[in-house]
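Q: This is the structure alone, sequence omitted:
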């Protein structure tokens with residue numbers, strides 16, 4: 001359990017310090033939201049979008065992130081196919097672990113728990129697999 005100050009999160013509502021115990025999951029969610037808000041503010045600043053067009057219809061996203069050209073879409077698709085083909089050339093364990101880590105978004109600890117092995121072994125296997133993958137992609141080009 002971690003203590004957080006509600007005055008830091010809600011300065012308009014709480015005028016004095018109010019400390020509350022929260023679980024690690026809640027704290028991680030709060031920190032993630034704070035990081036997301038900070039990233040959003042940085043994007044607005046970098047793109048000089050000091051206004052908000054956010055009406056939940058995607059206008060703001062389109063203003064900040066330009067749509068891909070057909071050539072860029074085709075290049076991305078070809079790159080994904082090359083990466084997938086190279087991934088299939090790796091040993092089955094490394095391919096499975098890299099797929100779980102980067103395609104499914106699982107953490108190293110989750111992969112290790114599912115496989116019933118040590119986290120360091122999974123991490124080392126992924127690292128070796130990524131090096132092999134980089135070599136395979138360099139030779140393919």
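A: Yep, that arrived. In this text, all values refer to a predicted model and were calculated from it rather than measured experimentally. Numbers count the residues shown, from 1 in each chain.
Q: In contact with the nearest residue to residue 91 once chain neighbours are set aside, which residues?
A: Nearest non-adjacent residue to residue 91, counting by Cβ to Cβ, 6 or more residues apart in numbering: residue 129, 7.7 Å away. From N, CA and C alone the C-beta is placed, and that goes for glycine too. Contact analysis of residue 129 by Cβ atoms under 8 Å, 6 or more residues apart in numbering lists 90-91, 94-95, 97-98.
Q: how is the protein carved up into domains?
A: 2-64, 70-140 (automatic domain parsing).
Q: Tell me which of these is the most buried.
A: domain 70-140 (a mean of 14; mean count of other Cβ atoms under 10 Å).
Q: Need the mean per-residue confidence for that one.
A: Average pLDDT, domain 70-140: 92.
Q: circling back to that earlier point, does the residue nearest to residue 91 sit in a helix or strand, and which one?
A: Assigned by DSSP states H and E, residue 129 belongs to helix 119-140.
Q: Look up phi and psi at the most centrally placed residue in the chain.
A: Centroid-nearest residue in the chain: residue 105, 7.7 Å away (criterion: Cα atoms, centre = their mean). Residue 105 adopts backbone torsions of phi 80, psi 20, taken as degrees, to the nearest 10.
Q: Touching, residue 82 and residue 139? I think so.
A: No. The criterion here is Cβ atoms under 8 Å, and residue 82 misses it with residue 139 at 11.1 Å.
Q: which residues of this structure fall in strands?
A: Here the chain has its strands, by DSSP state E, at 2-5, 19-22.
Q: Could you name the stretch from these that's closest to residue 112?
A: Ranking the strands of the chain by proximity to residue 112 (Cβ to Cβ) places strand 2-5 first, at 24.9 Å.
Q: Report the contact partners of residue 90.
A: Neighbour list for residue 90: 98, 129, 132-133, 136 [criterion: Cβ under 8 Å, 6+ apart].
Q: now residue 46
A: No contacts exist for residue 46 under Cβ under 8 Å, 6+ apart.
Q: roughly how far apart are it and residue 38?
A: 13 Å (Cβ to Cβ, to the nearest Å).
Q: Out of the strands of the chain, flag the one nearest residue 115.
A: When the strands of the chain are ranked by proximity to residue 115 (Cβ to Cβ), strand 2-5 comes first, at 30.1 Å.
Q: Nothing else from me, thank you.
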